[in-house]
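In: Let me see the structure of the following:
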Amino acid sequence: MKKLALLLLGVATLAGVVVFTATASRHVTAQEAAPIFVKKIPAGYRDWKVVSVAHEAGELNDIRAVLGNDLAIKAYRESKLPFPEGAIVGRIAWSYVSSEENNKAFGRDQSFVAGSPTDFYLQFMVKDSKKYAATGGWGYSSFDKDGKPTAEAAMKTCFPCHQAIKDRDFVFTRYAP
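Out: The predicted structure is shown next:
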């Protein structure tokens, strides 16, 4: 009876070790393959301060407002690079359309205003050096006008483009006080 109890205890211990090892190895693999994409729209982004505005021509052909959370704005104002952990830079993009009403007031065609949201309406960069180590410490995201995340295949183009400005902590937009 004593031998049977010891045998069962040994088998149970061995099974526990196997389960623990398998679980631990899956955890390490998940850490090594950390996501580079942000899947959630940051709360309160519409209340953030403006960093700058831009018009992008070419294929993008949009107007955009670039926003920053308090940490990002502080870093911009102090010209502090790299950006601190938790900084978030966001972008809202619209097509731009001629404003007939404004053009009448000016007496000529010269005014453009925000039109409909673009396909990549919202984009965010979230600074988390540990979680997004594979992409320079930044997690990237893009959402359509309905708040749905962009396909991961499209998101994989973010970091390669941002590598061109590594010396600016991978951030294109400069602060426009």
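
In: who's in contact with the residue nearest to the spatial centre of the chain?
Out: Residue closest to the mean C-alpha point of the chain, counted by C-alpha atoms, centre = their mean, is residue 140 at 2.7 Å. Listed by C-beta atoms under 8 Å, 6 or more residues apart in numbering, the contact set of residue 140 reads 36-38, 123-125, 155, 158-159, 162. C-beta here means a position set from N, CA and C on the backbone, and glycine is covered the same way.

In: same deal with residue 76?
Out: The contact partners of residue 76, taken as C-beta under 8 Å, 6+ apart, are 51, 68, 175.

In: how close does residue 174 get to residue 54?
Out: Counting by C-beta to C-beta, to the nearest Å, the separation of residue 174 from residue 54 is 10 Å.

In: quick one: which of these two has more around it?
Out: Comparing residue 174 with residue 54 by neighbour count (other C-beta atoms under 10 Å), the higher total belongs to residue 54, at 16 against 11.

In: Poorly predicted segments of this protein, please.
Out: Scanning the chain for pLDDT under 70 picks out 1-35.

In: ok, back up a step: nearest to residue 91 among the contacts of residue 76?
Out: Residue 91 lies nearest to residue 51 out of the contacts of residue 76, by C-beta to C-beta, at 9.1 Å.

In: what residues are up against the closest one?
Out: 66-68, 72-73, 76, 89, 173, 175-176 are the contacts of residue 51 under C-beta under 8 Å, 6+ apart.

In: Same check on residue 37?
Out: 139-141, 149, 152, 155.

In: Sort out for me which of the residues you listed are in strands.
Out: The members of the contacts of residue 37 that map onto strands under DSSP state E are 139-141.

In: which one among those residues gets closest to residue 107?
Out: Of all the ones in strands among the contacts of residue 37, residue 107 sits closest to residue 141, with 42.7 Å by C-beta to C-beta.
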